[in-house]
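Q: could you look at this predicted model? Sequence included:
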Amino acid sequence: MQKDELIQLHTFLYQIRSQLEQICEHNGCDHSSYEELAITPYQIHKSKREHKLAVFTLSKDIAVILSDNNKDPGLEKIANRLDQIASRFLTEKEKSDHPS
């Protein structure tokens with residue numbers, strides 16, 4: 001996937017998460033893992049790796065929001081797998097700064 005396509009996907013997932021949080025009225029959802037990345041879809045100067053990390057982290061957040069509201073264990077498994085994939089894109093420094 002090209003970087004510009006990745007940024008478009010990042011933007012799309014960011015908007016979905018925002019809409020879901022508004023619909024669910026935040027329901028005590030803690031999505032600080034994405035916030036800690038300090039990257040938004042609008043920061044096009046960030047690396048492709050950082051945007052990949054953000055995409056997987058946002059995908060995990062969306063799966064968690066959906067699993068919390070639907071009580072579907074399948075979505076929890078998906079969220080856990082997405083978290084594992086996202087951790088592959090963390091640098092050693094990021095892993096030590098943000099243990100998940």
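A: Received, thanks.
Q: what about the strands in this structure?
A: Counting by DSSP state E, the chain forms no strands at all.
Q: do you have the helices of it handy? List them.
A: Applying DSSP state H to the chain gives helices spanning 3-24, 32-37, 48-70, 73-88, 92-97.
Q: which residues sit against the lowest-mean-pLDDT helix or strand in the chain?
A: Across the helices and strands of the chain, mean confidence by mean pLDDT, DSSP states H and E is lowest for helix 92-97: a mean of 73. Under the criterion C-beta atoms under 8 Å, 6 or more residues apart in numbering, residues S87 lie in contact with helix 92-97. Placement of C-beta: from N, CA and C, glycine included.
Q: pull it out as PDB, backbone CA atoms only.
A: Presented in PDB, the C-alpha positions along helix 92-97 are these (Å, rounded to 0.1, in the frame of the first residue of the first chain):
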ATOM      1  CA  GLU A  92      12.100  -0.400  20.800                       C
ATOM      2  CA  LYS A  93      11.900   3.200  22.200                       C
ATOM      3  CA  GLU A  94       8.100   3.300  21.700                       C
ATOM      4  CA  LYS A  95       7.700  -0.100  23.300                       C
ATOM      5  CA  SER A  96       9.600   1.100  26.400                       C
ATOM      6  CA  ASP A  97       7.700   4.400  26.500                       C
END
